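Undergrad: pasting a predicted model and its sequence here:
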Amino acid sequence: MRAIQKLLAKTRVKLADIDLSELNEAFAAQSLGVLAEPLI
């Protein structure tokens, strides 16, 4: 997702720096979009 990539760039955080992320079931449709697109 472009928003996630922009946030990582803005905060100078690498995806490898993140050990765990949590998905909220209430936003399941949004989560599917995030999981479907590779961030690497």
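TA: Yep, it's here.

Undergrad: packing partners of the lowest-mean-pLDDT helix or strand in the chain?
TA: None of the helices or strands of the chain scores lower by mean pLDDT, DSSP states H and E than helix 28-36, at a mean of 79. On a contact count with 3 or more CB pairs under 8 Å, 6 or more residues apart in numbering; DSSP states H and E, helix 28-36 meets no helix or strand. Quick note: C-beta positions are derived from backbone N, CA and C, even for glycine.

Undergrad: relative to residue 9, how far out is residue 26?
TA: 27 Å (CB to CB, to the nearest Å).

Undergrad: please disregard the earlier target; I meant residue 33.
TA: On the measure of CB to CB, residue 33 and residue 9 end up 19 Å apart.

Undergrad: do residue 16 as well
TA: Distance from residue 16 to residue 9, by CB to CB: 14 Å.

Undergrad: next: residue 15.
TA: Residue 15 is 11 Å from residue 9, by CB to CB.

Undergrad: again, but for residue 30
TA: 21 Å.

Undergrad: and if you look at residue 34?
TA: 17 Å.

Undergrad: looking at these two, which one has more neighbours?
TA: Legend: neighbour count by other CB atoms under 10 Å for residue 34 and residue 9, higher for residue 34 (14 against 10).

Undergrad: residue 2 is in contact with the more buried one, correct?
TA: No - Residue 34 is beyond contact range of residue 2, at 11.2 Å (criterion: CB atoms under 8 Å).

Undergrad: buried stuff in stretch 14-31?
TA: Neighbour counts over stretch 14-31 (16 or more other CB atoms under 10 Å) mark no residue as buried.

Undergrad: how far off centre is it?
TA: 6 Å (CA atoms, centre = their mean, to the nearest Å).

Undergrad: list the contacts of the residue sitting furthest away from the middle of the chain.
TA: Among the C-alpha atoms of the chain, the one most distant from their mean position (CA atoms, centre = their mean) is that of residue 26, at 16.2 Å. Contacts for residue 26 (CB atoms under 8 Å, 6 or more residues apart in numbering) come out as none.
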